[in-house]
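quick one, structure for this:
(chains A and B)
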Number of protein chains: 2
Amino acid sequence: MIGPGVDTIRWAADGRAIEILDQTLLPREARHIRLEDAAAVIEAVRALRVRGAPAIGVAVAMGLALELARHTGEPRAAFLRRVEETYALLLGARPTAVNARWALDRLRGVATAVAADGADNGVIACKLYGEATSILEEDRAMCLRIGEHGAPLLPDDGLAVLTHCNAGALATAGIGTALAPLYVAHAAGRAVPVIACETRPLLQGSRITVWELARAGIDATLITDSTAAAAMAAGRVGAVLVGADRIAANGDVANKVGTYALAVLARYHDIPFYVAAPASTFDAAAASGAAIPIEARDGGEVRGGFGRATAPPDVAVFAPAFDVTPAALVTAMITDRGVLRPPFAPGIAAFTGADGVASAGGDPALNT
Amino acid sequence: MIGPGVDTIRWAADGRAIEILDQTLLPREARHIRLEDAAAVIEAVRALRVRGAPAIGVAVAMGLALELARHTGEPRAAFLRRVEETYALLLGARPTAVNARWALDRLRGVATAVAADGADNGVIACKLYGEATSILEEDRAMCLRIGEHGAPLLPDDGLAVLTHCNAGALATAGIGTALAPLYVAHAAGRAVPVIACETRPLLQGSRITVWELARAGIDATLITDSTAAAAMAAGRVGAVLVGADRIAANGDVANKVGTYALAVLARYHDIPFYVAAPASTFDAAAASGAAIPIEARDGGEVRGGFGRATAPPDVAVFAPAFDVTPAALVTAMITDRGVLRPPFAPGIAAFTGADGVASAGGDPALNT
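The predicted structure follows:
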């Protein structure tokens, strides 16, 4: 087995539900819950029971398919209306998750085509169920390919890979993006320790990343975000490896806030800085990082967020969700289609241009 | 008035107690509590009701004086024994706080000299009360001088000063060290906004720094530690200004973990990086930062610490309390004796050498 062996999202064996690992219970409890209709999927996405751009895309696709599978006996018009209504509801669950729109569009396109071809409700539902399953499997395969492409880049001298946030199995249907190379290396018997930044304010590093690494048997050490420089100065870090939310045409990388600092620190300490992401993360429409919109988070996450106020309630907060790492600080990009080295623009153009990968993979969305 | 106008520590008007602002209640409540004997001072120091190296030194000195002021009617031998016993108890309250040892040694030296000179218990107690008051006033004066020396270095173009942890009024008996220049500038009518890093794991930035800045009427914005780079990239930061726990003979600076990252980021963004500290912070015995011992904090502070577990309970944690910023990254050092510019070694040697400032000021201790 490669990875932590946890199904972030899967079909229930009885076919009548989606099962997700409820991430709000981590790290205290690892429990799958059943989602039996689209409404349950929406609640799970909203409550961050399932998170990470790839995983959200898979979840809403499966949610649409499940909803229709349970209503094949409806009159034709009502059934087709349910496709549209459920599409809209699922899309609204997390409006910023662009992967969700891509996945839902893909399913709706199938429904429209098959319905126009005269298929009955049952056939339409089955086609959607199959298409959602394909999205799930493609996500798993994408992760594995990133892992295989990235594993050779990892240090073999006992130094650690430092990572930020969670771009792991729990953000995808597979073994993750940034953590995938680590899982592949571990499965090959290599010992590559990991240092995980806790990732304030929402602590995806401490709540999720170290949990899934430990489950896979990988040596993980937790640090506060501001300890990364001390770890580098102590000679403990052999590489930095992070995910990406969106990558501009020139190679500028938008990712969870704090990533840019790690890139500057890695350069100062002469440590390679790698970004792992599916090729669908490349956004040809953004010429540079300046064109990538940066979502502002609610300041309340910084003023408190652990069940108690830790700052004056009225203090101003600057809380961008993401920052932009200039391409010049990136050593290499590890994608499901191979490793890109500087200059990145030609490779990104190839991935997003004539061969149409961008439209096949959809836009990237927000990790949370 | 210069500063937030909060007495971190003071004598009670009735002379029979020390009053401290109980920092464990911040930011929810600003309340002074009475400490009526040495045991109460010890409890307050242990529980972090009073914190910061300068403030702790002041507190234990006042605690020793107060204890003896209340027992002048004791037989001579018991009274002198009480000096020694109380000295030892107060010293044990926070063993790492080297300032406390310096302050207590100073009081014990006075007691010994006066007692040998034949003074009665009442005179001894009064001398100690006076000596503790001098330490309090000297700390206030030290802060003000740092403020006056540092204020001219602050940006006047609307850009913010970024700071880390709390080296403010609440860490001293006066207006702080790193925050002192900001208070002096504010009192002079200058508008210098501040960006405060929250400072995980104990959140001194969000709990204390933004509270005291707001109280002084200074525009403060709170960020997570990993947002500092984004703030710099956004062009919001005109200078970084931090305190120091110990400064080696070559100018290497030990301070709260995360400081070093800020120094690297400041250099990368061409932003001046200032360290503010009393001259007593210079440690001539440490040739470089490598000679400064770095205390490891309890990993539990990172695994949780907000009243709930936020990481697996058994995950390894790398949690140095401090990091070392190499002298080469420091633009200037702001001390109570003036501003030092590179190369720092000659100035530090002057401060710690023939003129004996180091012995007068004591070793620096730990900010918490």
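
can you give me the helices in the stretch 51-200 of chain A?
Applying DSSP state H, counting those that start in this stretch to the stretch 51-200 of chain A gives helices spanning A:53-69, A:76-91, A:98-116, A:121-150, A:180-187.

first-to-last residue distance for stretch A:226-244?
20 Å (CA to CA, to the nearest Å).

so how far is it off the chain centroid?
Centre-to-centre, stretch A:226-244 and its host chain are 21 Å apart (CA atoms, centre = their mean, to the nearest Å).

same check on stretch A:60-73?
From the chain centre to the centre of stretch A:60-73 is a distance of 23 Å (CA atoms, centre = their mean).

could I get the buried residue list for that stretch?
Within stretch A:60-73, the residues that count as buried by 16 or more other CB atoms under 10 Å in any protein chain shown are A:60-70. Bear in mind the C-beta positions are built from the backbone N, C-alpha and C, glycine included.

per-residue confidence averaged over it?
The average pLDDT within stretch A:60-73 is 97.

residue A:188 against residue A:148, yeah?
No - counting by CB atoms under 8 Å, residue A:188 sits too far from residue A:148 to count as a contact (10.0 Å).

these two: which is more packed in?
More crowded of residue A:188 and residue A:148, by other CB atoms under 10 Å in any protein chain shown: residue A:148, with 16 against 9.

distance of the residue of the stretch 51-200 of chain A found nearest chain B relative to residue A:346?
Taking CB to the nearest CB, chain B has its nearest neighbour within the stretch 51-200 of chain A at residue A:200, 4.1 Å off. Separation of residue A:200 from residue A:346 (CB to CB, to the nearest Å): 37 Å.

same check on residue A:257?
Using CB to CB, residue A:257 is found at 29 Å from residue A:346.

out of those two, which sits in the busier spot?
More crowded of residue A:257 and residue A:346, by other CB under 10 Å: residue A:257, with 29 against 11.

quick check: that one touching residue B:226?
Yes - under the criterion of CB under 8 Å, residue A:257 makes contact with residue B:226 at 5.9 Å.

any residues in contact with both of the two?
Residues touching both residue A:257 and residue B:226 (CB atoms under 8 Å, 6 or more residues apart in numbering or on different chains): there are none.

what sits up against the helix or strand in which residue A:214 is found?
For residue A:214, the host element (DSSP states H and E) is helix A:210-216. Residues outside helix A:210-216 that contact it (CB under 8 Å, 6+ apart): A:3-6, A:26-27, A:30, A:166, A:168-170, A:176, A:179, A:182-183, A:186, A:194, A:196, A:219-220, A:222, B:311-312, B:314-315.

tell me the mean pLDDT for stretch A:204-219?
For stretch A:204-219, mean pLDDT is 96.

can you get me the start-to-end distance on that stretch?
17 Å.

so which elements touch the lengthiest strand in chain A?
In chain A, assigned by DSSP state E, the strand with the most residues is strand A:237-242. In this structure, strand A:237-242 packs against strand A:160-163, helix A:259-268, strand A:273-276, with contacts taken as 3 or more CB pairs under 8 Å, 6 or more residues apart in numbering or on different chains; DSSP states H and E.

by contact count, what packs against the longest one?
Using 3+ CB pairs under 8 Å, 6+ apart, the elements in contact with helix A:259-268 are helix A:228-233, strand A:237-242, strand A:273-276, strand A:322-325, helix B:228-233, helix B:259-268.

just so I know, which of the ones you listed lies nearest residue B:91?
Nearest of those to residue B:91, taken as CB to CB: helix B:259-268 at 27.7 Å.

for that closest one, what is the average pLDDT?
Summarised as a single mean, pLDDT over helix B:259-268 is 98.

repeat that for stretch A:3-22.
pLDDT averaged over stretch A:3-22 gives 95.

gap between it and the chain center?
Distance, stretch centre to chain centre, for stretch A:3-22: 17 Å (CA atoms, centre = their mean).

which of the residues in that stretch are classified as buried?
Residues of stretch A:3-22 classed as buried: A:3-4, A:6-11, A:17-22 (neighbour count, 16+ other CB under 10 Å).

check stretch A:278-289 too.
A:278-283, A:286, A:289.

ok now do residue A:91, which residues does it touch?
Shown in contact with residue A:91 (CB under 8 Å, 6+ apart): A:60, A:100-101, A:104.

biggest separation within the buried residues of stretch A:3-22, which pair?
Greatest spatial distance among the buried residues of stretch A:3-22 (CB to CB): A:3 and A:17, at 23.2 Å.

near chain B, which residues of the stretch 251-368 of chain A are found?
By CB under 8 Å from any CB of the partner chain, the residues of the stretch 251-368 of chain A that approach chain B are A:257-258, A:260-261, A:264-265, A:267-268, A:299, A:302-303, A:306-312, A:314-320, A:323-324.

now name the helix or strand holding residue A:33.
Using DSSP H and E, residue A:33 falls in strand A:32-35.

now do that strand: which elements does it pack against?
Using 3+ CB pairs under 8 Å, 6+ apart, strand A:32-35 sits against strand A:18-21, helix A:38-46.

which one, of the ones you listed, ends up nearest to residue B:80?
Nearest to residue B:80 among those is strand A:18-21; the distance by CB to CB comes to 67.6 Å.

any part of that closest one near chain B?
No - shown here: strand A:18-21 not in contact with chain B (CB under 8 Å from any CB), separated by at least 14.9 Å.

so what are the sheet partners of that strand and their directions?
Sheet pairing of strand A:18-21 (DSSP bridges) gives strand A:9-11 (antiparallel), strand A:32-35 (antiparallel).

what residues does the longest one touch?
Among residues not part of strand A:32-35, those counted as contacts by CB under 8 Å, 6+ apart are A:7, A:12, A:17-22, A:40-41, A:44, A:49, A:63, A:66.

of these, closest to chain B?
Proximity of the contacts of strand A:32-35 to chain B (CB to the nearest CB) peaks at residue A:21, which lies at 14.9 Å.

residue A:169 is in contact with the closest one, correct?
No - the criterion here is CB under 8 Å, and residue A:21 misses it with residue A:169 at 9.4 Å.

quickly list what's touching both of the two.
Shared contacts of residue A:21 and residue A:169, defined by CB under 8 Å, 6+ apart, comprise A:6, A:8.

output the below-cut-off pLDDT ranges for the stretch 201-350 of chain A.
For the stretch 201-350 of chain A, applying pLDDT under 70 flags the ranges A:305-306.

number of residues surrounding residue A:89?
Counted with other CB under 10 Å, residues neighbouring residue A:89 total 17.

how far does the strand holding residue A:33 sit from its chain's centre?
Relative to its chain's centre, strand A:32-35 lies at 20 Å (CA atoms, centre = their mean).

I'd like the average pLDDT over it.
98.

kindly report the same for stretch A:105-118.
95.

hey, C-alpha coordinates of it in CSV?
The C-alpha coordinates for stretch A:105-118 follow below in CSV (Å, rounded to 0.1, in the frame of the first residue of the first chain):
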residue,chain,number,x,y,z
ASP,A,105,-20.0,20.9,-15.4
ARG,A,106,-18.5,17.6,-16.5
LEU,A,107,-21.4,15.6,-15.0
ARG,A,108,-24.1,18.0,-16.3
GLY,A,109,-22.6,17.8,-19.8
VAL,A,110,-22.9,14.0,-19.7
ALA,A,111,-26.5,14.2,-18.4
THR,A,112,-27.4,16.6,-21.2
ALA,A,113,-25.8,14.5,-23.9
VAL,A,114,-27.3,11.2,-22.8
ALA,A,115,-30.8,12.7,-22.2
ALA,A,116,-30.7,14.3,-25.6
ASP,A,117,-29.9,10.8,-27.0
GLY,A,118,-33.1,9.5,-25.5
